[in-house]
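*Asks:* Need the 3D shape of this:
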Amino acid sequence: MDSKRLKQIVNQLKRSLEKFGFDQRFTNSNDETQTRDFLIHPFFEEIMGYNKMTDFSHEILADVGGKRARKVDIAITLGGKKPLILVECKKAGTNLNDNHFRQLNEYCRNTTSSKVGILTDGVKYHFYSQNKSENNNLYDHPFFTFNMEDYGTSDLEMLALFCRTDQFEMNTIIEEAEEIYFLSRFDDALFELLKTPTDNLLKEIYVKMGGKRSTERILSQIKDLVNSTSLKTALEKVIQHEVSSSNSGIITTEEEIKAFNVIKTIIALSSKINNKDLERVSFRDLKGSFTILVDENQNKKICALILKERSKSIVINSSTYNLQDTTVVSLTKFKKELIDSAISKLG
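*Replies:* Predicted coordinates for the structure are as follows:
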């Protein structure tokens, strides 16, 4: 999609969202059926431009958990006979969790024509694509999440790919999703590289140290130096460099640091967590979220804070909870969830 056309679609999305009347629709959505009627279908039809007569099917069946003839909530066919996008709907305000995802995943896995699965409560829309290398199961995390109550220009640019226009391209969406999923593996790849440094990496370090001609003996000594202590020291220097240069576009705020200290204190209240365990708890500031994790490992995420101008929320084990603020009072409400998550990641 060319930049001019993208800008036009984004502007149209902004106008449609502004006149959508979300608050009133949300108030009237007291169960799953009302959520579909007042929020989800209008989202696709009034905002995204889908044709309710030709683009949808409510007769698609999928086998789930050994039960046959289970109807998919919404199947989007885009004018064809086979569904390309399956939508699993929940009541407005539901905390979307792993159980909901598994239900959507089973629908998609048993509907071979589907390319994308969407899990939504009419407020948040989680977009997943199928992982062809995993028997057409969905990837276990969304490649894109759109929040009706809190979105920016970059969110609208991504959402524009799904608008029903003459330039709609499912292949483009899948390519974008694959790229996002590929980049999400960066942390694991970097961990593997640093856990067992290759000779090429050791030689690069040797050169940066001012070395001229490496030997097996000196490379072995350097390899021993690549450990958690040296990496932590290097990380602190990288953080200082990023803050001073601001080239990364990420600046850790005072609010984020205070929230980290509050959450770490909450975790310390558990008798199952000792001081040595607490030393393993740290944070990683990313664009869009502030993550609290164990051993600097993204796969050991205790929680993530999403602090925006219009809203604040905390994500714990795939469940998202709204926050009024990041004070002790607000965060202590999730004491059990935070401690349980920390114990599972520290184990």
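
*Asks:* With just CA atoms, put stretch 176-190 into PDB.
*Replies:* What follows is the C-alpha trace of stretch 176-190 in PDB, where atoms were taken according to Å, rounded to 0.1, in the frame of the first residue of the first chain:
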ATOM      1  CA  GLU A 176       3.800  -8.400   8.100                       C
ATOM      2  CA  ALA A 177       2.800 -10.900  10.800                       C
ATOM      3  CA  GLU A 178       5.600 -13.200   9.900                       C
ATOM      4  CA  GLU A 179       8.100 -10.400  10.100                       C
ATOM      5  CA  ILE A 180       6.800  -9.400  13.600                       C
ATOM      6  CA  TYR A 181       6.900 -13.000  14.800                       C
ATOM      7  CA  PHE A 182      10.500 -13.300  13.400                       C
ATOM      8  CA  LEU A 183      11.700 -10.200  15.200                       C
ATOM      9  CA  SER A 184      10.100 -11.400  18.500                       C
ATOM     10  CA  ARG A 185      12.600 -14.300  18.500                       C
ATOM     11  CA  PHE A 186      15.500 -11.800  18.900                       C
ATOM     12  CA  ASP A 187      15.700 -12.200  22.600                       C
ATOM     13  CA  ASP A 188      16.000 -16.000  22.500                       C
ATOM     14  CA  ALA A 189      18.600 -15.800  19.700                       C
ATOM     15  CA  LEU A 190      20.700 -13.200  21.600                       C
END
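
*Asks:* List the buried residues for it?
*Replies:* Of the residues in stretch 176-190, 176-177, 180-181 count as buried by neighbour count, 16 or more other Cβ atoms under 10 Å. (Glycine included, C-beta is placed from N, CA and C.)

*Asks:* What lies in contact with that stretch?
*Replies:* With contact meaning Cβ atoms under 8 Å, 6 or more residues apart in numbering, stretch 176-190 is reached by 116, 127, 129, 131, 139, 141, 143-144, 158, 161, 297-299.

*Asks:* Tell me which other helices or strands the strand or helix carrying residue 301 touches.
*Replies:* Residue 301 is part of strand 297-307 when elements are defined by DSSP states H and E. Taking 3 or more Cβ pairs under 8 Å, 6 or more residues apart in numbering; DSSP states H and E as contact, the helices and strands that strand 297-307 lies on are helix 186-195, helix 254-268, strand 289-294, strand 312-316, helix 335-346.

*Asks:* circling back to that earlier point, now the buried residues of stretch 176-190 in a markdown table, with distance to residue 327 and secondary structure?
*Replies:* Below are the buried residues of stretch 176-190 laid out as a markdown table (distance: Cβ to Cβ, whole Å; DSSP: H, G, I helix; E, B strand; the rest coil):
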| residue | distance to residue 327 | secondary structure |
| --- | --- | --- |
| 176 | 38 | helix |
| 177 | 37 | helix |
| 180 | 34 | helix |
| 181 | 36 | helix |
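
*Asks:* Looking at these, spot the one nearest residue 217.
*Replies:* residue 181 (41.5 Å; Cβ to Cβ).
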